[in-house]
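The following comprises the amino acid sequence and a computationally predicted model.
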Amino acid sequence: MADEPLVQAEEVVEIEDAVEVEDTADDEDYVIDGRNLTKVYTMGDNEVRALDGVDVKIKRGELLSIMGPSGSGKSTLMAILGCLDSPTSGEYLLDGEPVHALGDNALASIRSKQLGFVFQQFNLLPRTPAIEQVSMPMIYAGIRGRKRKQRAQKMLELVGLGERMDHTPAELSGGQQQRVAIARSLANDPAILLADEPTGALDTKTGVEIMALFKRLNREEGITVIIVTHDVEVAEQTPRVIHIRDGLIERDVINETVVDIDPDNIPEH
Ligand SMILES: Nc1ncnc2c1ncn2[C@@H]1O[C@H](COP(=O)(O)OP(=O)(O)OP(=O)(O)O)[C@@H](O)[C@H]1O
Ligand SMILES: [Mg+2]
């Protein structure tokens, strides 16, 4: 017992074979280029610095995860990168275009053309068939009826739900609901997918299947995929991991041994 430490150190999540990311690309290679981003929320007399000067560059076609403790600023960063919110200060170039100072309408237009979103709780409409859920973003983008339906069918087939087009969320499993949400996020052919805890509400096997789908979309469709996660087993599957703490990037690492988990053969713990 003498060798036991009196206080157990807080478990630090480490990914093996991780090396720091180096900034080597030309500016135009980056689809996301955030510079000194801050987000300050004012609550009465209190200020919360949710982001405290974040520099983040992401190349087209990357697959990465963002990890960090609760309250560290992950969702705030995703909201800014996803043009759902503007930074308090700093610059954000999306595909080379400065977007940090744009108004709500311009941001909404960029979101609808370039970005897709996936959330922990799926955020589907109740009592609405899958095909209509996936069609919805195309209505706002002005795509006409027949083309809209064809594309919605194609996206549902892409996520493996060709046989479930007319099912409502209540008639689908959690993993299938998340697939509908992913098909919906793809409706307008986004360059970037942003997913905030997409496996957080799913069991291990279903989470692995959803990760396999993100990896396939990244590899085969060339979509840049950014995943916020608490789960080190999710982060181990992405080639790059950004660690956030107290509104700052603590570490930004390349994962040299990406773990490839087969959904049909999940290792025991
Ligand atoms: N709309 C808001 N108004 C005031 N404070 C906010 C608001 N949104 C977030 N915050 C604060 O900003 C900080 C970062 O929040 P954020 O939601 O980005 O954390 P997170 O890393 O996503 O946490 P979690 O893992 O729990 O989802 C927290 O201290 C939070 O309380
Ligand atoms: Mg969050």
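Nice, I can see it. Residues are numbered from 1 along each chain as shown. Ligands and ions are numbered 1, 2, ... in the order given.

For the residue nearest to Thr42 when sequence neighbours are not counted, which residues are in contact?
In this structure, Thr42 finds its nearest non-sequential neighbour in Val48, 7.9 Å apart by C-beta to C-beta, 6 or more residues apart in numbering. C-beta coordinates here come from the backbone N, C-alpha and C atoms, glycine included. Each residue near Val48 by C-beta atoms under 8 Å, 6 or more residues apart in numbering is listed here: 40-42.

Between those residues, which sits nearest ligand 1?
Closest approach to ligand 1 among these (C-beta to the nearest ligand atom): Tyr41, at 3.3 Å.

For that closest one, give its distance to Glu132.
35 Å (C-beta to C-beta, to the nearest Å).

Among the two, which residue is more densely surrounded?
Glu132 (17 against 11; other C-beta atoms under 10 Å).

Output whatever helix or strand the more buried one lives in in CSV, but only the C-alpha positions, please.
Assigned by DSSP states H and E, Glu132 belongs to helix 130-140. Provided in CSV are the C-alpha atoms of helix 130-140 (Å, rounded to 0.1, in the frame of the first residue of the first chain):
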residue,chain,number,x,y,z
ALA,A,130,-37.8,11.1,-42.7
ILE,A,131,-38.2,12.1,-46.3
GLU,A,132,-39.8,15.4,-45.3
GLN,A,133,-37.2,16.1,-42.6
VAL,A,134,-34.4,15.8,-45.2
SER,A,135,-36.4,17.9,-47.7
MET,A,136,-36.9,20.8,-45.3
PRO,A,137,-33.5,22.6,-45.7
MET,A,138,-33.9,22.4,-49.4
ILE,A,139,-37.2,24.3,-49.2
TYR,A,140,-35.4,27.2,-47.6
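
Many thanks, we can stop here.
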